[in-house]
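> Output the structure for:
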Amino acid sequence: MGHTGDDQGRKAPIADAPPAPAVGLTVRAAGSRPLLGRSLSARLLLLTVAFLLLGEVLIFVPSIARFRLVYLEERIAAAHLSTIGIGYENERPSPAIEDALLTHAGVLSVTIIRDRPVLMLGMEAPVDTTIELGGEGWPQLVAAAVETLAHGGQRVIRVVGPSPMEFGTTVEVTLTEMPLHAAMTDYAWRILILSLVLSLIVAAMLFFALRQLIVRPLTNITERLARFRQRPEDQSQDGALSARSDELGIVDRELDAMTHDLRQALAQKTRLAALGETVSKLNHDLRNILGTALLVSDRLERSADPAVRAVAPKLIQTLERAIRLCQDSLDFAKSRPPRPRLDEVALLPLISEVLTALQPPPTTRIDNRVAPGSLVRGDPDQLHRLFLNLTKNALEAMPGGGRLSFSSRHDGGSVTVEIADTGPGLPSAVQERLFQPFASSTPSAGTGLGLAISREIARAHGGELRLLATGEHGTTFSLSLPAAAARAVA
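From the prediction side, this is the model:
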């Protein structure tokens, strides 16, 4: 089985007219470039700057908290250092020296805590909040830094922390937040300016690098596509292929191969359209000539010469075959099969009717094992034509006789019919173009349209025709069609 056979009805899969000329296209290569603000380059630049600034913000938040902590620890160290020359018991420096020491330490008062708190310098003042250093985690440090910036330096704070110069000694200082706020603000501005400068520099570098590596090749590919759509037959603007081994290089080479194949397909379709128009004109005249020859040959059957009467049937059969070839070729080229008129079709009597019409030779054993209740949803006439083609192909594959079997099974909402013969099988070269028009696999009288038309009918019904197996022991085709019950519910 598996030879492309004849179809007795009108089929068709190719377009009526050649493709529209490219001059009517409205897309032009010059219009393929987007506006600057909406281009990929601009978006890459903006995204790069935005992500870099986001990274700088993630760095700035813990750094400003660290800056505040270091500032307060320095005040603790400077305050302890300013009390080294002062005695522990009631020995205080002169007001001028005390004021100079406090100014140098940047605090309002210093209290040293060893066994008990001892005010060493300055006078205690009312404070707004107390900060204890050494026990805060990063979330608390970040929150405290934000709080300092939010108050604008208007608070007086008490800071308590261990002395870095004497183990076991705690230093307590009071100070205004104004210098701390000013220092943090100045640090924040410096970080912001540095972040902006670094972001612009890095963004510019990334922009030009990405433009060279990605944007410009993509722009070239886009322009090639636009030029190809405008003038697909023009090969002068293709340019050299990319030697890159990355994804863009692969895209460029695949695009070149695709445009090459499309040009060949378009040229072939144009030639076929012109050829089809010519053949359709010749076909009409040829059928008239063959029809006249057929009428003349009918008279030969009534000739008194026995030799003439003997060859007349073969001549008539040859002429009828030539007329069918002309009609099938024309029908296949100029139209598609009509929309199926769906109805419930019982497969078993349909196949029996096809076998009766073909009258297989006695040397061929028919094994029709299709389930009696197999119902499909389809057009009875078109399905009759489909099974007629498949059965005729199978019989032609077994000229010396053999076994032709039909079997069916239900697969969910579809019915699958397998048509198997015991012929010699299909050559591998034929299998590749099995469902192509005019691709007959044997030097038989077929037009090479049977399988192409049969698959088209199957797909028009929502099914599929496939070559299931082929070899020296025979060929099996699988035909799936929607089951009647499933389609009726839908």
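> going forward, measure contacts and count neighbours with C-alpha atoms only.
Noted.
> now the residue nearest the centre of the chain: how far from residue 223?
For the chain, the residue nearest the mean C-alpha position is residue 251 (13.7 Å; Cα atoms, centre = their mean). Counting by Cα to Cα, to the nearest Å, the gap from residue 251 to residue 223 is 14 Å.
> And stretch 62-76, what's buried?
63-65, 67-69, 72-76 (16 or more other Cα atoms under 10 Å).
> ditto for stretch 289-308
Residues of stretch 289-308 classed as buried: 290-291, 294, 297, 300-301 (neighbour count, 16+ other Cα under 10 Å).
> Start and end of that stretch, how far apart?
Start-to-end span of stretch 289-308 (Cα to Cα) is 21 Å.
> And the contacts of that stretch?
With contact meaning Cα atoms under 8 Å, 6 or more residues apart in numbering, stretch 289-308 is reached by 309-310, 312-313, 315-316, 319-320, 322-323.
> could you flag which of these are buried?
Applying 16+ other Cα under 10 Å to these flags 309, 312, 315-316, 319-320, 322-323 as buried.
> show me where pLDDT drops low in the stretch 1-150 of the chain?
Along the stretch 1-150 of the chain, segments meeting pLDDT under 70 span 1-41, 85, 87-92.
> all helices of it, in order?
For the stretch 1-150 of the chain, the helices defined by DSSP state H, counting those that start in this stretch cover 40-82, 95-105, 138-151.
> who wins for proximity to residue 194 among these?
Closest approach to residue 194 among those (Cα to Cα): helix 40-82, 9.5 Å.
> next one: that closest one to chain centre, how far?
Here helix 40-82 is found 42 Å from its chain centre; the criterion is Cα atoms, centre = their mean, to the nearest Å.
> same deal with stretch 140-159?
54 Å.
> Determine how far the last residue of that stretch lies from the first.
15 Å.
> which residues sit against that stretch?
In contact with stretch 140-159 (Cα under 8 Å, 6+ apart) are residues 61-62, 64-66, 68-69, 72, 76, 126-133, 172-182, 184-185.
> One more pass at 6 Å, please.
Outside stretch 140-159, the residues that touch it by Cα atoms under 6 Å, 6 or more residues apart in numbering are 65, 127-132, 172-178, 181.
> just stretch 356-376 next, same as before
344-348, 401-408, 482-484.
> which of those residues sit farthest apart?
Top of the distance list for those (Cα to Cα): 401 and 484, 34.6 Å.
> thinking again about what came up before, between the buried residues of stretch 289-308, which is nearest residue 189?
residue 290 (97.4 Å).
> Surely that closest one forms part of a helix?
Yes. Assessed by DSSP: H, G, I helix; E, B strand; the rest coil, residue 290 belongs to a helix.
> what's the spacing between stretch 378-393 and its chain's center?
In this view, stretch 378-393 has its centroid 38 Å away from the chain centroid, taken as Cα atoms, centre = their mean.
> Tell me how many other residues crowd residue 59.
12 (other Cα atoms under 10 Å).
> Over to residue 481?
24.
> Report whether it is found in a helix, as I expect.
No. Counting by three-state DSSP, one finds residue 481 to be strand, located in no helix.
> Excluding residues flanking it in the chain, which one is nearest it?
In space, and not counting its chain neighbours, residue 481 is closest to residue 463: 4.5 Å by Cα to Cα, 6 or more residues apart in numbering.
> Next one: residue 461, what pLDDT does it get?
Note on residue 461: pLDDT of 90.
> now residue 160
pLDDT at residue 160 comes out at 91.
> Doesn't it belong to a strand?
Yes. Judged by three-state DSSP, residue 160 forms part of a strand.
> so how many other residues sit close to it?
Neighbours of residue 160 (other Cα under 10 Å): 22.
> Relative to residue 65, how far out is it?
Counting by Cα to Cα - residue 160 and residue 65 are separated by 17 Å.
> all strands of the stretch 351-490 of the chain, in order?
364-369, 375-378, 402-411, 414-421, 464-471, 474-482 (DSSP state E, counting those that start in this stretch).
> Follow the chain on from whichever helix or strand residue 192 is part of and name the next helix or strand.
Assigned by DSSP states H and E, residue 192 belongs to helix 178-210. Using DSSP H and E, the next helix or strand after helix 178-210 towards the C-terminus is helix 216-230.
> Specify the angle between that next one and helix 178-210 in degrees.
Angle, helix 216-230 to helix 178-210, by axes from the mean of the first three to the mean of the last three Cα atoms, to 10 degrees: 50 degrees.
> and the angle from helix 216-230 to helix 40-82?
Helix 216-230 runs at 160 degrees relative to helix 40-82, counting by the same axes, to 10 degrees.
> ok now helix 216-230, how far from the chain's centre?
19 Å.
> Tell me the buried residues in that helix?
By neighbour count on 16+ other Cα under 10 Å, the buried set for helix 216-230 is 217-219, 221, 223-230.
> could you give me the average pLDDT of it?
Rounded mean pLDDT across helix 216-230 is 80.
> For that helix, list the C-alpha coordinates in PDB.
Output of helix 216-230 as PDB, limited to C-alpha atoms (Å, rounded to 0.1, in the frame of the first residue of the first chain):
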ATOM      1  CA  ARG A 216      23.300  47.300  16.600                       C
ATOM      2  CA  PRO A 217      23.200  43.700  15.500                       C
ATOM      3  CA  LEU A 218      19.400  43.600  16.300                       C
ATOM      4  CA  THR A 219      18.900  46.800  14.400                       C
ATOM      5  CA  ASN A 220      20.700  45.300  11.400                       C
ATOM      6  CA  ILE A 221      18.500  42.200  11.600                       C
ATOM      7  CA  THR A 222      15.400  44.300  11.900                       C
ATOM      8  CA  GLU A 223      16.300  46.400   8.800                       C
ATOM      9  CA  ARG A 224      17.100  43.200   6.900                       C
ATOM     10  CA  LEU A 225      13.600  41.900   7.700                       C
ATOM     11  CA  ALA A 226      12.000  45.200   6.700                       C
ATOM     12  CA  ARG A 227      13.900  45.300   3.400                       C
ATOM     13  CA  PHE A 228      13.000  41.600   2.700                       C
ATOM     14  CA  ARG A 229       9.400  42.300   3.300                       C
ATOM     15  CA  GLN A 230       9.500  45.300   1.000                       C
END
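> which one among the buried ones among the contacts of stretch 289-308 gets closest to residue 242?
Ranked by distance to residue 242 (Cα to Cα), the buried ones among the contacts of stretch 289-308 are led by residue 322 at 52.9 Å.
> and after the helix or strand where the closest one lies, which helix or strand comes next?
Using DSSP H and E, residue 322 maps to helix 306-334. Counting by DSSP H and E, the element after helix 306-334 in chain order, helix or strand, is strand 343-346.
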